[in-house]
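[1] any chance you could fold what I've pasted below:
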Amino acid sequence: MGKIKVTQTRSVIDRPKTQKLTIEALGLGRPNWEIVHNDTPQIRGMIRKVSHLVKVEEIK
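    As a prediction, this is how the structure comes out:
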């Protein structure tokens, strides 16, 4: 199982509540915050939901 680094690039101000909760569930909260997650289908689904707010990099 690989690792991915998720970086929040945009603010959640004026976004729907579901997107705000998804960002919070990913462990983010402010622009430029980064967190490393295991690359699982659940995490990929959350990233897909807020793909316009985050940047994803695979860690080798």
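
[2] ok, now which ones touch residue 19?
    Neighbour list for residue 19: 12, 49, 50, 53 [criterion: CB atoms under 8 Å, 6 or more residues apart in numbering]. Backbone N, C-alpha and C define where each C-beta goes, glycine included.

[3] that should have said residue 53, apologies.
    Residues in contact with residue 53 (CB under 8 Å, 6+ apart) are 8, 9, 10, 12, 15, 19, 23.

[4] quick revisit: farthest pair within the contacts of residue 19?
    Taking CB to CB, the two most distant members of the contacts of residue 19 are 12 and 49; they sit 12.3 Å apart.

[5] between those two, who's got more neighbours?
    residue 12 (20 against 17; other CB atoms under 10 Å).

[6] wait, is that one part of a helix?
    No: read with DSSP: H, G, I helix; E, B strand; the rest coil, residue 12 is coil and lies in no helix.

[7] what is the burial count for the residue nearest to it when sequence neighbours are not counted?
    Nearest in space to residue 12, with sequence neighbours left out and distances taken as CB to CB, 6 or more residues apart in numbering, is residue 20 at 4.8 Å. Using other CB under 10 Å, residue 20 is surrounded by 15 other residues.

[8] just confirm residue 20 is within a helix.
    Yes: applying three-state DSSP, one finds residue 20 inside a helix.

[9] quick one: the strands in the chain?
    Secondary structure of the chain, counting by DSSP state E: strands at 3-8, 34-38, 54-59.

[10] average pLDDT for the last one?
    Looking at strand 54-59 alone, the average pLDDT works out to 97.

[11] use 714 as the first number for this chain going forward.
    Happy to do that; since the first residue is 714 now, the last one works out to strand 767-772.

[12] how far off strand 716-721 does it point, in degrees?
    160 degrees (axes from the mean of the first three to the mean of the last three CA atoms, to 10 degrees).

[13] repeat for the second one
    For strand 747-751 against strand 716-721, the angle between stretch directions is 150 degrees (the same axes, to 10 degrees).

[14] and strand 747-751, what does it pack against?
    Packing partners of strand 747-751 (3 or more CB pairs under 8 Å, 6 or more residues apart in numbering; DSSP states H and E): strand 716-721.
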